[in-house]
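**Q** No letters, just coordinates:
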């Protein structure tokens, strides 16, 4: 038989006449509305049975795909439902295909030898005569793979071998991997290969960036496999539920590309547009240059609070409290600005002020303070100073408004004339200078002593030293050879300090090379004598050791037992700590790190200068330790410009003190070596240096010796005071002398009855000063009580 079944086409098929009595073409409507071409055959059984063949009328061309599939939809009648054909009826048919680069000529007949068989098709279910009466359609669907097709096209052929069959539709198709989106990357429609996976590179979707090249592999069955690589949403976008990147909503932002979500704007910032990459600060708030764009906006701090001043003859102390509003930052520092007003007014009644003199010294510094106090030295007398304190943080420089300040005006004490004439250099060596000065024609009788301040001319702004003398002359030692020094002298009277004399510059002499040679000879001689002495000692040691051999052997057995017990952990250490000489360390810093505690310089507040040591100033201050109350300490500083030898000696003192823990030895609190100046912080001794304390008590000691011929056991260790001024000077509170006299406290007896309320009433407001004075009053009360009981012999 001759017939055609065309490949499925969108929109329907066509009909062709059939050979009468042998076949009938049918067309039907599918459920999806697609018309498909079909062929129905009915074989006449009996005698010789022929083959009925139906095929495609035109060449099915292909382009890039090689694997082709054929879907067959058909119905087939059960042979058992047909009478008299049990031997010749079949329930299968055959599928063939023929590859061609060009269409077959018209009228070409089917030759099975030209075609390649695909498969024998059998039905899963068949219909009977009953189904025909009930109009029940039993439709079969079979899919077969054709190929691989190596030429430009192919023909299909269907061979009926004796079945009652109706071929409803034939669909020829190929498989492909459909377009998809994976990991924010789009992949196109891809045709697979039969024997291998096809690698396909994707492209990032809109508003996404490539992190690793996105890849997918298309499998032979049309499925995407093995996703690799990824894309991430760009700044200002986040991944949505559909696999694409969406813009951040107003009020949210995303500063960097990534898979994270958009974040809500930080404090004091906002974003009004979509796809925001940064939230802009509100008015009055800023971000510092080093701040991240994801941090909150901050503002400059308010002014410091409760600025107070304390002045004595040597130092002016400013103290304040941190600002109420820090602006949301922790990097707060303080700056001190000074103006000097002479108190006179011009014709417009405006007080004339100018910047303070450059000689004014701020400890630790005037700008960039991390603490809430500063000490000011070298101020002039009878001058009105106005100090302005401002708090700044990391965004203060960005603010447009005026910075808030807090200020205080301080009037320094009135100072009399200098009382010091011309300063002369009497003599000079390589490390010392002898000075003397003339007095005024009629010097006052209440001069206590003189203070000499000196410093290297090249180190004028860094540090200075001072010394005191009762005579109008002094010898300054510990100087450097061939160095120019600047000297100031002022008198200390019962009314206070006078102004400094003008500057006088003197130079030390150069070091004598002959003296240096003599020193080398002395070193050689000393080394020789020491070596000889060491040899004698070593000889004696060997002799003594030889005599002790017998004793050592006798105790070997017991010592072995003791060593065994020691190694097994049964013998404890005695707890005695061995002293280590700091000179055994090559670097003194190593000894300091082992025996002393490093203190942050921000934890130290300097109150005033109380003296001058061998290496620099000695100050009184406070040590702040987190979680503990502030304690009063003495602070030794290393003067700037000191050599390496002086630095080693300075640190050696800290290494020695750090190894002791006794109530009879001054306690080392710690050291400051990580910043300048280098400092040693020790326990503050209320009574000052021991020699000065003993001089104060000399009258009492003489009285005891002459009255009792020997020191009594119950002698109180109290100094005797003649006046209120002596008592206040001994406790360093002489600035309150006028407070006591104005309140009517003129004798020591009247002072001994005072209470804490009385001290507040006369105008002493600082808590530390109140405690020091009341403690001294209690000691004074005990001293007076002892004197009244024992009396004086005259």
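**A** Yep, it's here. Everything quoted here is computed from the prediction, not taken from an experiment.
**Q** For the rest of this, base every contact and every neighbour count on C-alpha atoms.
**A** Noted.
**Q** Mind splitting the chain into its structural domains?
**A** The chain breaks down into these domains under automatic domain parsing: 23-173, 180-281, 305-411, 423-513, 582-685, 692-790.
**Q** so of the ones you listed, which one's packed in deepest?
**A** Counting by mean count of other CA atoms under 10 Å, domain 180-281 has the highest mean neighbour count of those, with a mean of 19.
**Q** Endpoints of that domain, how far apart?
**A** Chord length of domain 180-281, first to last residue, is 42 Å (CA to CA, to the nearest Å).
**Q** State the three-state secondary structure for residue 389.
**A** Counting by DSSP: H, G, I helix; E, B strand; the rest coil, the backbone at residue 389 sits in strand.
**Q** for the residue lying closest to it once chain neighbours are set aside, helix, strand, or coil?
**A** Excluding the flanking residues, the one nearest residue 389 by CA to CA, 6 or more residues apart in numbering is residue 336, at 4.8 Å. Under three-state DSSP, residue 336 falls in the strand class.
**Q** Use 48 as the first number from now on
**A** Understood, numbering begins at 48; the last thing we discussed is residue 383.
**Q** Can you give me every residue that contacts residue 383?
**A** 413, 414, 434, 435, 436, 437 (CA atoms under 8 Å, 6 or more residues apart in numbering).
**Q** returning to what we had before: which of the domains of the chain sits closest to residue 584?
**A** domain 629-732 (22.2 Å; CA to CA).
**Q** tell me the mean pLDDT for the closest one?
**A** For domain 629-732, mean pLDDT rounds to 84.
**Q** Surely residue 481 touches residue 470?
**A** No: using CA atoms under 8 Å, residue 481 makes no contact with residue 470, being 10.5 Å away.
**Q** how far is the helix or strand in which residue 692 is found from where the chain is centred?
**A** Using DSSP states H and E, residue 692 sits within helix 691-704. From the chain centre to the centre of helix 691-704 is a distance of 33 Å (CA atoms, centre = their mean, to the nearest Å).
**Q** Contacts for it next, please.
**A** By CA under 8 Å, 6+ apart, helix 691-704 touches 628-630, 635-636, 638-639, 642-643, 662, 685, 713-715, 718, 727.
**Q** Go through these and name the one nearest residue 336.
**A** Distance to residue 336, by CA to CA, is smallest for residue 718 among the contacts of helix 691-704, at 35.0 Å.
**Q** In contact with the closest one, which residues?
**A** Contacts here follow CA under 8 Å, 6+ apart; on that basis residue 718 touches 643, 644, 645, 646, 701, 725, 726, 727, 728.
**Q** same thing but at 7 Å, please
**A** 643, 644, 645, 646, 726, 727, 728 (CA atoms under 7 Å, 6 or more residues apart in numbering).
**Q** Which of these fall within strands?
**A** Under the assignment DSSP state E, those contribute 726, 727, 728 to strands.
**Q** could you redo those as TSV and give each row distance to residue 519?
**A** Formatted as TSV, the ones in strands among the contacts of residue 718 follow (distance: CA to CA, whole Å):
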residue	distance to residue 519
726	32
727	33
728	34
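**Q** Let me know the closest of the residues you listed to residue 376.
**A** The nearest member of those to residue 376, counting by CA to CA, is residue 726 at 30.3 Å.
**Q** Please verify my assumption that the closest one contacts residue 681.
**A** No: contact criterion CA atoms under 7 Å: residue 726 and residue 681 do not qualify, at 10.0 Å.
**Q** I'd assumed residue 636 was in a helix, is it?
**A** Yes: looking at residue 636 with three-state DSSP, it is inside a helix.
**Q** Not counting sequence-adjacent ones, nearest residue to it?
**A** In space, residue 636 is closest to residue 698, 7.3 Å off (CA to CA, 6+ apart).
**Q** Residue 715 too?
**A** residue 729 (4.4 Å).
**Q** Mind putting the contacts of residue 383 into TSV with distance to residue 548?
**A** Listed next are the contacts of residue 383 as TSV, based on distance: CA to CA, whole Å:
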residue	distance to residue 548
413	26
414	30
434	26
435	29
436	31
437	34
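**Q** Which members of the residues you listed are the farthest-apart pair?
**A** 414 and 434 (12.7 Å).
**Q** where does the stretch 298-447 of the chain dip in pLDDT?
**A** By pLDDT under 70, the low-scoring segments of the stretch 298-447 of the chain are 360-361, 389-398.
**Q** What ranges does it have for its strands?
**A** If DSSP state E, counting those that start in this stretch is used as the criterion, the strands of the stretch 298-447 of the chain fall at 299-300, 310-311, 316-317, 327-328, 352-358, 363-368, 380-392, 398-402, 408-410, 420-424, 431-439.
**Q** Output those strands as a markdown table; include the columns distance to residue 796.
**A** Shown next, in a markdown table, are the strands of the stretch 298-447 of the chain (distance: least, CA to CA, whole Å):
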| stretch | distance to residue 796 |
| --- | --- |
| strand 299-300 | 76 |
| strand 310-311 | 73 |
| strand 316-317 | 68 |
| strand 327-328 | 68 |
| strand 352-358 | 28 |
| strand 363-368 | 32 |
| strand 380-392 | 41 |
| strand 398-402 | 46 |
| strand 408-410 | 40 |
| strand 420-424 | 36 |
| strand 431-439 | 37 |
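**Q** Doesn't residue 826 lie inside a strand?
**A** No: checked against three-state DSSP, residue 826 lies outside a strand; its state is helix.
**Q** Look up how far residue 724 lies from it.
**A** For residue 826, the distance to residue 724 (CA to CA) stands at 37 Å.
**Q** repeat for residue 482
**A** 29 Å.
**Q** and if you look at residue 157?
**A** For residue 157, the distance to residue 724 - CA to CA - is 112 Å.
**Q** do residue 243 as well
**A** Taking CA to CA, one finds residue 243 at 77 Å from residue 724.
**Q** same question, residue 587
**A** 50 Å.
**Q** Now do the same contact list for residue 259.
**A** 276, 277, 278.
**Q** Pull the contacting residues for the closest residue to residue 438 other than its chain neighbours.
**A** Counting by CA to CA, 6+ apart, residue 381 is the residue found nearest to residue 438 once chain neighbours are left out, at 4.6 Å. Going by CA under 7 Å, 6+ apart, residue 381 touches 414, 415, 416, 417, 436, 437, 438, 439.
**Q** Try it again at 8 Å.
**A** Counted by CA under 8 Å, 6+ apart, residue 381 has contacts 414, 415, 416, 417, 418, 419, 436, 437, 438, 439.
**Q** Residue 629 too?
**A** 635, 638, 699, 702, 703.
**Q** Test my guess that residue 520 contacts residue 480.
**A** No: shown here, residue 520 and residue 480 do not form a contact pair, counting by CA under 8 Å, at 10.8 Å.
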